[in-house]
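>>> Sequence and predicted model, in that order:
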Amino acid sequence: MFDIVIWAPVSKEWSLKKLQGAIMQRLKLNLESTAGIEENAWRISEELKGKKCLILVDENFDLIDLHEVMGIHDNLESEVVLASRLNVKPLSHHEAFNMFKEKVGWSIYFPGIKPVAELVVRE
């Protein structure tokens, strides 16, 4: 399925250099302390070129420019998953029904649809 899977946890105190370091470590590339972010991105990009990869960026709390981190341009075979552990409050029944109605549109008022919508929203 994928040639390589990279799991890179990102803490609240993350930096581009730390994220690149985690990725380069998984790729078994030397992280030279003198290399800049652009050079590291190029090295990562070259290593991933032609490979189908899955990159899991875990505990993400901020915007991450993946091009800046990995230099990935047109690798359509690869996937990047950004995961975050956020506490999300569930919608009230009223809020959920309104959102459902907004997405479905006026067809929610067709005969037989509204009771089904109510059941879906309850779940």
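Everything's here; your move. Residues are numbered from 1 along each chain as shown.

>>> from here on, contacts and neighbour counts on C-alpha atoms
Will do.

>>> and the gap between residue 6 and residue 58?
Applying Cα to Cα, to the nearest Å, the value for residue 6 to residue 58 is 10 Å.

>>> what does residue 123 give?
Separation of residue 123 from residue 58 (Cα to Cα) stands at 28 Å.

>>> the more surrounded of those two?
For residue 123 versus residue 58, neighbours defined as other Cα atoms under 10 Å are more numerous around residue 58 (16 against 6).

>>> per-residue confidence for the more buried one?
For residue 58, the pLDDT comes out at 80.

>>> I'd say it and residue 14 touch.
No - Residue 58 lies out of contact with residue 14 (Cα atoms under 8 Å); the separation is 11.4 Å.

>>> Go ahead and name everything in contact with stretch 111-118.
Stretch 111-118 is touched from outside by 97, 100, 107, 108, with contacts defined as Cα atoms under 8 Å, 6 or more residues apart in numbering.

>>> Work out for me the element the nearest residue to the first one once chain neighbours are set aside sits within.
Spatially, and ignoring its direct neighbours in sequence, residue 97 is nearest to residue 121 (5.9 Å; Cα to Cα, 6 or more residues apart in numbering). Take DSSP states H and E as the rule and residue 121 turns out to sit in helix 113-122.
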